[in-house]
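Peer 1: 3D model of this:
(chains A and B)
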Amino acid sequence: MPELPARRGPRLAPRFPPWLFLLLPALSFMLLMYGYPFVRSFVQSFLDAAGRFTLANYAKTWDLYLKDLGFTFAVTAFSTLLTAVLAILLAMYLRFRDGPLARLMGGLYRLPIFIPFVVVAQMMNTFLAPHGLFNLALARVGLVNIEKPLQLFNFWGLSFGFIWKMVPFSVLIIHGGFQMIDNSYIEAARSAGARTGTVITRILMPMSRSSILVALVLVYSQVVGTFTLPYMLIGGKIPTTITVDIAHRVNYFRDFGVANTLGVFSYLLVLVTAIYYLRSSVRRVTEEGAGPR
Amino acid sequence: MSLKRILILSAELVLLVLVFLLIVGPMMSLLLWSVAIRWYWPATLPQEVGLDYWRQALGLEKSLAIGAVSIVPAFLLSLSIAVTVVAITMLLAIPAGYALAKYRIPFGPAILFLFLMPNAFPQQPIFVNLLGLFTRLRLAGTVPGVMLTHILVGLVFGVWITSATFRAIPSHLEEAARSVGASRARAFFRITLPLAAPGLLSSAVFVFITSLDEFTGTFFIGLPFVNTLPMTLYSSSGYNMQFASVIAIILLVPSILFMTLIQRMLRAEYVGGMG
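Peer 2: Sure, this is the predicted structure:
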């Protein structure tokens, strides 16, 4: 076997290792533009306008925004759970059904993944309005009295928007997990007399537990942090999400203390999912050499 | 065919049509609004359609209606921001992705941690604090300030996709080149880089699209002076439904187009933070 000349060659010992040289620009950018602001949001939440330590921001947030915190959590939990249920059902359909209809669905369901939230917001603005297509269509088939259209610029419309955007993304992950399960498992279970229901609850779901969990975690943390959709759909109405409150605190009052306190609360809302996501992703990358999710 | 089977099939068909309508309905609504010239309640469909709002948006026709401005300047601004952002982001991401893929890095998990955090935590508080920082640096409300936030949003995608691409290229190819005398740099540029080109390209496309669609960072850092396409959509959505819908469709087309082009590269892990 030939030896590698480059490794033997007379070479100056590099002052720092090559990986550091390659990594340094991106790393320092991230530390400056992400790490520093991240830490600063905690620090600022404990400071008043003059820069002295205070707990007033937390007291004020508690007084003014407790309801919105609850609303944010409720919308997120509801959208995430419903997204999970719908995504699992759709993924199962795509896993078990074949034929032109299923293939059409398999292509079509992906569309919302690529649509940015600002466009989704405008869509929902037109679609869910009292005079929008949704109400008009429901009135056409007699489900809604056209004189009393459904008011949807609230909890329900917001959840609808999130679910519309997030189900396809979750199907992509969960269906990927289902696809990894070899057909032979399913056939073996079937030949042993298992019905489709049993195959799903005993084989498909347990074996793709991790992809279902990852989908849940990603949907949850994204919904908590999304600003565009609630801002354009609900805006300053009460109750609204804390992302909208943060924007109001900054734009109308230049109140960075309370804005950052709300930011800290939004971090706390995703704490469990973030830890799960970071741990499992770091493990995936370092042990299996795969990309993160 | 038994009755039971017919019942199951028709139930499937009804459910599929419902799912189909729920997916396509909002898109149809956008399309209808973009061409609706007269749509008085309670008509189910617009009474008069035409491309007037498209012509106004594209600057072919002047209009005095509130919220109707030509979007051509905003489009060009968004485009030039996106192109610059892609160039800088890839310059940062390619070396970093290579290092993460090919070297054993001390404190590796901690560094990975930093690059994963933007996916795990809400990004809005970051922009709030960047606003404070940028105001002091006189970067708030400027195009370079907006570009920096777009690079931040894009860099995470950039680094992960490039590092996955480099990881998929077997190291022994580069080692073989070096064993016949190529320098490390030459081996990289002649062997690894060409093999990685498709992956790097799709990563650049991702960064491009995220920059084009970026809203939250631009909202905090750029408004009211930097009016990218999403900002124009936002500011007209309150006044002029048709105009906002036209912009929404214009924003939607490149996203769907590019993403179908790189369909093969589409992996769940990359689209996590899309939009």
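Peer 1: any idea which helix or strand carries residue B:156?
Peer 2: helix B:143-168 (DSSP states H and E).
Peer 1: Please read the previous query as pertaining to residue B:259.
Peer 2: Going by DSSP H and E, residue B:259 is in helix B:241-261.
Peer 1: packing partners for the helix holding residue B:156?
Peer 2: helix A:18-30, helix B:72-102, helix B:108-120, helix B:124-136, helix B:193-213, helix B:216-221, helix B:268-271 (3 or more Cβ pairs under 8 Å, 6 or more residues apart in numbering or on different chains; DSSP states H and E). The way it works is simple: take the backbone N, C-alpha and C, and place the C-beta from them, glycine included.
Peer 1: Go again with 6 Å.
Peer 2: Counting contacts by 3 or more Cβ pairs under 6 Å, 6 or more residues apart in numbering or on different chains; DSSP states H and E, helix B:143-168 packs against helix B:72-102, helix B:193-213, helix B:216-221.
Peer 1: Worst mean pLDDT among those helices?
Peer 2: The stretch with the lowest mean pLDDT among those is helix B:193-213, at a mean of 89.
Peer 1: Taking their axis directions, that one and helix B:143-168 sit at what angle?
Peer 2: 140 degrees (axes from the mean of the first three to the mean of the last three Cα atoms, to 10 degrees).
Peer 1: Mind checking what helix or strand follows the helix or strand hosting residue A:199 in sequence?
Peer 2: Using DSSP H and E, residue A:199 sits in helix A:196-199. Using DSSP H and E, the helix or strand that follows helix A:196-199 in sequence is helix A:205-207.
Peer 1: In that following helix, which residues are buried?
Peer 2: Residues of helix A:205-207 classed as buried: residue A:205 (neighbour count, 16 or more other Cβ atoms under 10 Å in any protein chain shown).
Peer 1: hang on, the earlier thing: which secondary structure elements does the helix holding residue B:259 sit against?
Peer 2: Taking 3+ Cβ pairs under 6 Å, 6+ apart as the contact cut, helix B:241-261 packs with helix A:111-114, helix A:117-127, helix B:3-35, helix B:52-57, helix B:193-213, helix B:229-237.
Peer 1: Tell me how far it lies from the chain's centre.
Peer 2: Between the centre of helix B:241-261 and the centre of its chain there are 11 Å (Cα atoms, centre = their mean, to the nearest Å).
Peer 1: Same check on stretch A:218-225?
Peer 2: Worked out by Cα atoms, centre = their mean, stretch A:218-225 lies 3 Å from the chain centre.
Peer 1: What residues does the stretch 51-200 of chain A have near chain B?
Peer 2: Taking Cβ under 6 Å from any Cβ of the partner chain as the contact definition, the stretch 51-200 of chain A meets chain B at A:113-119, A:122-123, A:126-127, A:131, A:133, A:136, A:140, A:146, A:172-173, A:176.
Peer 1: So how do I select the buried members of the residues you listed in PyMOL?
Peer 2: Buried subset of those, written as a PyMOL selection, criterion 16+ other Cβ under 10 Å:
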select buried, chain A and resi 113+114+115+116+117+118+119+122+123+126+127+133+136+146+172+173+176
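Peer 1: who touches stretch B:217-233?
Peer 2: Outside stretch B:217-233, the residues that touch it by Cβ atoms under 6 Å, 6 or more residues apart in numbering or on different chains are A:118, B:71, B:74-75, B:77-78, B:127, B:131, B:134, B:141, B:143, B:145-146, B:149, B:215, B:244, B:247-248, B:251.
Peer 1: most packed of the helices and strands packed on helix B:143-168?
Peer 2: helix B:216-221 (a mean of 26; mean count of other Cβ atoms under 10 Å in any protein chain shown).
Peer 1: Can you dump the C-alpha atoms of that one in CSV for me?
Peer 2: The C-alpha coordinates for helix B:216-221 follow below in CSV (Å, rounded to 0.1, in the frame of the first residue of the first chain):
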residue,chain,number,x,y,z
THR,B,216,-39.8,38.1,10.9
GLY,B,217,-36.2,39.3,10.8
THR,B,218,-36.9,41.9,8.1
PHE,B,219,-39.9,43.1,10.1
PHE,B,220,-37.8,43.9,13.1
ILE,B,221,-34.6,45.0,11.5
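Peer 1: which stretches of chain A have low pLDDT?
Peer 2: The model of chain A has pLDDT under 70 over residues A:1-15, A:287-293.
Peer 1: so what pLDDT did residue B:8 get?
Peer 2: So, for residue B:8, pLDDT stands at 83.
Peer 1: and what of residue B:54?
Peer 2: Value for residue B:54, per-residue pLDDT: 84.
Peer 1: need the contact list for it.
Peer 2: residue B:246.
Peer 1: Against residue B:25, how distant is it?
Peer 2: 22 Å (Cβ to Cβ, to the nearest Å).
Peer 1: same question, residue B:236
Peer 2: 23 Å.
Peer 1: Same question for residue B:46.
Peer 2: In terms of Cβ to Cβ, residue B:46 sits 16 Å off from residue B:25.
Peer 1: repeat for residue A:159
Peer 2: Distance, residue A:159 to residue B:25, by Cβ to Cβ: 16 Å.
Peer 1: more neighbours, those two?
Peer 2: Between residue A:159 and residue B:25, counted using other Cβ atoms under 10 Å in any protein chain shown, the more crowded position is residue A:159 (21 against 18).
Peer 1: May I ask which helix or strand encompasses the residue lying closest to that one once chain neighbours are set aside?
Peer 2: Distance criterion Cβ to Cβ, 6 or more residues apart in numbering or on different chains; nearest residue to residue A:159, sequence neighbours excluded, is residue A:79 at 4.7 Å. Using DSSP H and E, residue A:79 sits within helix A:56-96.
Peer 1: Give me the distance between that helix and the centre of its chain.
Peer 2: 10 Å.
Peer 1: following it, which helix or strand comes up?
Peer 2: Next along the chain from helix A:56-96, counting by DSSP H and E, comes helix A:100-108.
Peer 1: So which bits of that following helix are buried?
Peer 2: Quick answer for helix A:100-108 (16+ other Cβ under 10 Å): A:105, A:106.
Peer 1: Also stretch A:141-160?
Peer 2: In stretch A:141-160, counting by 16+ other Cβ under 10 Å, buried: A:144, A:146, A:149, A:150, A:152, A:153, A:154, A:157, A:158, A:159, A:160.
Peer 1: Assumed the fourth one was part of a strand.
Peer 2: No: Residue A:150: not assigned to a strand; according to DSSP: H, G, I helix; E, B strand; the rest coil it is coil.
Peer 1: could you measure it against residue A:215, distance?
Peer 2: 29 Å.
Peer 1: List the residues that contact the nearest residue to residue A:78 once chain neighbours are set aside.
Peer 2: Once flanking residues are discounted, residue A:78 sits nearest to residue A:159: 5.4 Å by Cβ to Cβ, 6+ apart. Listed by Cβ under 6 Å, 6+ apart, the contact set of residue A:159 reads A:75, A:78, A:79.
Peer 1: C-terminal to the helix or strand encompassing residue A:159, what's the next element?
Peer 2: For residue A:159, the host element (DSSP H and E) is helix A:155-180. Per DSSP H and E, the first helix or strand lying C-terminal to helix A:155-180 is helix A:183-191.
Peer 1: just to revisit the earlier point, check which helices and strands the helix holding residue A:79 sits against.
Peer 2: Against helix A:56-96 (3+ Cβ pairs under 6 Å, 6+ apart) you get helix A:155-180, helix A:209-225, helix A:242-253, helix A:256-269.
Peer 1: how big is the angle separating that helix from helix A:256-269?
Peer 2: Counting by the same axes, to 10 degrees, helix A:56-96 lies at 40 degrees to helix A:256-269.
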